[in-house]
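S.K.: Here's a sequence, model it:
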Amino acid sequence: MPHYNAYESFKTKKSMENKRRAKEKAFSKKNEDVNDFIIYAADNYGIVIEVRYDDAYVLYDGEIVLAKLRKNINLVCNQVVFPGDKVVVSKDEDNYVITNMLKRTSMLSRIKKDSTRHDDIGTTKNIASNVDLAVIVVAAKEPPLHPKFIDRYLMILQNSGIPAIICLNKCDLKTEKEENILNIYRNLNIPVIETSTYSNIGIEEIKSYLLGKQAIFVGNSGVGKSSLTNAIMGEDEIKTAHVSDKTKRGRHTTTASKYYVWNDNSSIIDTPGIRSLDVSSFEPSEIQDYFPEFDKWNDTCKYKGCLHYIIPIEDCGVKQAVKLGIINKMRYESYIKLISSMTNDDRMEEVLEEL
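M.R.: Coordinates of the predicted model:
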């Protein structure tokens, strides 16, 4: 006869299985509602500019209205719509209702890894939709310029199908070190714009890139995304904050993605500062696809599917190109740091010693 504890364990497992099936059934029903919610075209629609827990601010017919999801969508608003979404709105007595959403052209997301709630860690957090152009905002100083952060953002944006440019804010503090870093990306044909909201440098140039587009500003806290948005809009209404003197890291001033219209058909989505970007959803073999300078050297490696990491340098064409200075060493360091973290292989320093 089975031990009592074994029977109790069986009952617990059975109960958990029943709960899992019930959740799956409910989730399937929710998905049916959401799928019916998405349409391909509409004669008139609004743009979601800010999302709260159970409602959203929508720019509709020239005014900003507060709208809730239609009642049969059994999900809270911030799980369904995001800044940049195009939505159909109707008025029910004195209340506005989001009845449908137009199919998205793009979605920028990240993997959450900094949540204080354990069950949220590793889940996908959507940031903004229908983005035509992403501006990776970095600073010359305070916080310092880290190319590895740029490289991670370029991966995520390319994976989302969103074109990117780089904006160096606080450019009046730039030194030769920052200039050398920027040249890495110029050599990859990625546009680099230098701005200073304090000295009013480069504002007209960045406007020329943003005109006629739904753009998004992304980057670390404290780099000046909100100050840059203020300068483009010619207003001082967006709350900004200084960098912490102790940590040299920015404080999170913008707490949710927000949408600003600065010209006809021209808008900016200002996002919260992100201190870490998780790319664990990528496979190690995929990472090199986001480093285009590796392409011409992949076929010179001795082994097919080479990860360009722990393979001896004489057998790896990419590592040889790095040693010769053909591939930038800082970019290669970004690459092997990603590979090291994804494969839990800590031989990164050993690999760099070869070069």
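
S.K.: what ranges do the helices span in the stretch 151-300 of the chain?
M.R.: Secondary structure of the stretch 151-300 of the chain (DSSP state H, counting those that start in this stretch): helices at 176-186, 203-210, 225-233, 295-298.

S.K.: wait, which of those helices is closest to residue 141?
M.R.: Nearest of the helices of the stretch 151-300 of the chain to residue 141, taken as C-beta to C-beta: helix 176-186 at 8.2 Å. Heads up, the C-betas are built off the backbone N, CA and C, glycines and all.

S.K.: Just the buried positions in that closest one, please.
M.R.: 178, 181, 182, 184, 185 (16 or more other C-beta atoms under 10 Å).

S.K.: burial of the nearest residue to the fourth one once chain neighbours are set aside, as a residue count?
M.R.: Excluding the flanking residues, the one nearest residue 184 by C-beta to C-beta, 6 or more residues apart in numbering is residue 328, at 5.0 Å. Here the count is done by other C-beta atoms under 10 Å, and residue 328 has 21 residues near it.

S.K.: what do you get for residue 60?
M.R.: 21.

S.K.: Break the chain down into its domains, please.
M.R.: The record's domain parsing of the chain by automatic domain parsing lists 1-103, 107-270, 284-353.

S.K.: Surely residue 306 forms part of a helix?
M.R.: No - applying DSSP: H, G, I helix; E, B strand; the rest coil, one finds residue 306 to be coil, outside a helix.

S.K.: Touching, residue 135 and residue 165? I think so.
M.R.: Yes - Residue 135 lies in contact with residue 165 (C-beta atoms under 8 Å); the separation is 5.7 Å.

S.K.: Give me the common contacts of those two.
M.R.: Any residue near both residue 135 and residue 165 by C-beta atoms under 8 Å, 6 or more residues apart in numbering counts here, and that gives residue 209.

S.K.: the more surrounded of these two?
M.R.: Legend: neighbour count by other C-beta under 10 Å for residue 135 and residue 165, higher for residue 135 (23 against 18).

S.K.: can you pull the contacts of residue 81?
M.R.: Counting by C-beta under 8 Å, 6+ apart, residue 81 makes contact with 48, 51, 56, 69, 87, 98, 101.

S.K.: hmm, try it at 7 Å
M.R.: 48, 51, 56, 87, 98, 101 (C-beta atoms under 7 Å, 6 or more residues apart in numbering).

S.K.: any idea how far the nearest residue to the second one once chain neighbours are set aside lies from residue 257?
M.R.: Among residues not flanking residue 51 along the chain, residue 78 sits closest, at 4.9 Å (C-beta to C-beta, 6+ apart). For residue 78, the distance to residue 257 (C-beta to C-beta, to the nearest Å) stands at 10 Å.

S.K.: Check the secondary structure at the residue nearest to residue 51 for me.
M.R.: helix.

S.K.: Count the residues that sit near it.
M.R.: 15.

S.K.: I'd guessed it sits against residue 53; true?
M.R.: Yes - the pair residue 78 and residue 53 passes the contact test of C-beta atoms under 7 Å, sitting 5.7 Å apart.

S.K.: which residues does the residue nearest to residue 218 when sequence neighbours are not counted contact?
M.R.: In space, and not counting its chain neighbours, residue 218 is closest to residue 271: 5.4 Å by C-beta to C-beta, 6+ apart. Neighbouring residues of residue 271 by C-beta under 7 Å, 6+ apart: 127, 128, 216, 217, 218, 254, 257.

S.K.: got CSV for the helices of the stretch 151-300 of the chain, with distance to residue 92 and mean pLDDT too?
M.R.: Shown next, in CSV, are the helices of the stretch 151-300 of the chain (distance: least, C-beta to C-beta, whole Å; pLDDT from 0 to 100):
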stretch, distance to residue 92, mean pLDDT
helix 176-186, 49, 96
helix 203-210, 36, 96
helix 225-233, 33, 91
helix 295-298, 55, 93
